[in-house]
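*Asks:* need a 3D model of the sequence below.
(chains A, B, C and D)
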Protein chains: 2
Amino acid sequence: MSEKRTELQTLAQAIVQRSGVRALSFRQLAEQTGVKSASVHYYFPEKHDLTAALIAGYSEAFAQRLAAIAEKPVSLTRKLSAFADLFEEAAQDDKLCLCGMLAAEISSLDEHSRALLRGFFEHAEAWLVRIMERHADEWRSPLPPSRLAAVLMSGLEGALLLDRVHATGDHLKAQRQFINAFAAGKAF
Amino acid sequence: MSEKRTELQTLAQAIVQRSGVRALSFRQLAEQTGVKSASVHYYFPEKHDLTAALIAGYSEAFAQRLAAIAEKPVSLTRKLSAFADLFEEAAQDDKLCLCGMLAAEISSLDEHSRALLRGFFEHAEAWLVRIMERHADEWRSPLPPSRLAAVLMSGLEGALLLDRVHATGDHLKAQRQFINAFAAGKAF
DNA sequence: GTCTATAGGCAGATAGAC
DNA sequence: GTCTATCTGCCTATAGAC
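*Replies:* Numbers count the residues shown, from 1 in each chain, chains lettered A, B, ... in the order given. Okay, here's the model as predicted:
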């Protein structure tokens, strides 16, 4: 993988996380990396090639972070808190989760990118389910793990979204409080 | 308020809820309502005028629905379920909440529209807090009402987002289960 | 109110030289 | 790999006739 390609992809990812795919242009990408737009087309012939590469790269990095969290010998609380940290990082940079942003823009994605997007969310929720099952003695709830995973994931993606509007970070904080109470077995 | 203006605004709202402001064009709007794009500019001189009108209109309609729910003499469960119904309606039409979509696209909004957006979410969450306080005997939680309102709102907006990716509606269903358990005083 | 016509800009994409 | 040059198409916005 060439360095220029990586540089382009990194920049493109940041732009999408902040403003969306529709705001991402070959020209802007070229200007900000010191090449011409034709050169960007050399690495990513069409825009959907770039989009797909973005989702694939993001998914892989995310999966690695999840794997690292899973193998640590810590409590459920700490694992879920580390999970929330991944979202916090994006929020700090005024970004959404790449895949959350693309979910909003799904009408402008091709079928291949949509499939990759599905993969991202399936993997993340499956990870949450596995973690909850492994720490089954640390929590209780009237909902099954798969439902809880959906609640957690929706909550975090939604919090990222709403915290762009009020810059206080309150929604992510509320999610963390909720997660902590849950993972401490206090309720739900 | 002229009929044509209303027609344009209704169509524009649907387009934004499905594809976002960046996908909304004067030309498309004109074609689908049988006029020319110059005529659309007659009603909404610049695009940010249209965007602002969209948010204001949506906020007002939403507020009216909330007021109607609040005054019904029913349980917390039923009120929160009616609240969730508002999101379900959007999901059925493959739409996001207008303001959720615009939150993702906040970088392309002017300051006036951003202020209107803040107003929407503040109002919705204040409504949730008021409802929870009025039904204080029907639920319990380690979190204060304002935090719970943030959790609920994030969860529903996020569920709408994630359910566009897998078309199963699972995330909204999970939110409803969560809300029911909460409002039944079962937990959290 | 609605139109025609058009300005001016930016988008994605490609051909072909180096 | 990177460039220049260019095509085609869509965008917002405006001037001015009817």
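
*Asks:* residue numbers of chain A in contact with DNA strand C?
*Replies:* Counting by CB under 7 Å from any atom of the strand, the positions of chain A adjacent to DNA strand C are A:Leu24, A:Ser25, A:Phe26, A:Arg27, A:Gln28, A:Ser37, A:Ala38, A:His41, A:Pro45, A:Glu46, A:Lys47, A:His48. The C-beta positions use only the backbone N, C-alpha and C, and glycine is treated the same way.

*Asks:* please save the CA atoms from stretch A:154-172 in PDB.
*Replies:* The C-alpha coordinates for stretch A:154-172 follow below in PDB (Å, rounded to 0.1, in the frame of the first residue of the first chain):
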ATOM      1  CA  SER A 154     -28.000   3.200  19.000                       C
ATOM      2  CA  GLY A 155     -27.400   5.200  22.100                       C
ATOM      3  CA  LEU A 156     -23.700   5.800  21.400                       C
ATOM      4  CA  GLU A 157     -24.200   6.600  17.700                       C
ATOM      5  CA  GLY A 158     -27.100   8.900  18.600                       C
ATOM      6  CA  ALA A 159     -25.100  10.600  21.300                       C
ATOM      7  CA  LEU A 160     -22.400  11.400  18.900                       C
ATOM      8  CA  LEU A 161     -24.900  12.900  16.500                       C
ATOM      9  CA  LEU A 162     -26.700  15.000  19.100                       C
ATOM     10  CA  ASP A 163     -23.500  16.300  20.700                       C
ATOM     11  CA  ARG A 164     -22.600  18.000  17.500                       C
ATOM     12  CA  VAL A 165     -25.600  20.300  18.000                       C
ATOM     13  CA  HIS A 166     -25.000  21.300  21.600                       C
ATOM     14  CA  ALA A 167     -21.200  21.200  22.000                       C
ATOM     15  CA  THR A 168     -21.500  20.200  25.700                       C
ATOM     16  CA  GLY A 169     -20.900  16.500  25.200                       C
ATOM     17  CA  ASP A 170     -23.900  15.900  27.500                       C
ATOM     18  CA  HIS A 171     -25.300  13.000  25.500                       C
ATOM     19  CA  LEU A 172     -22.200  11.000  25.500                       C
END
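
*Asks:* what are the contacting residues of that stretch?
*Replies:* For stretch A:154-172, contacts defined as CB atoms under 8 Å, 6 or more residues apart in numbering or on different chains pick out A:83-84, A:87-88, A:90-91, A:94, A:96-97, A:100, A:103, A:174-175, A:178, B:100, B:103-104, B:106, B:114, B:117-118, B:121-122, B:150-151, B:153-159, B:161-162, B:171, B:174-175.

*Asks:* ok, now with 7 Å
*Replies:* Residues from elsewhere that reach stretch A:154-172 (CB atoms under 7 Å, 6 or more residues apart in numbering or on different chains): A:84, A:87-88, A:90-91, A:96-97, A:100, A:175, B:100, B:103-104, B:106, B:117-118, B:121, B:150-151, B:153-155, B:157-159, B:161-162, B:171, B:175.
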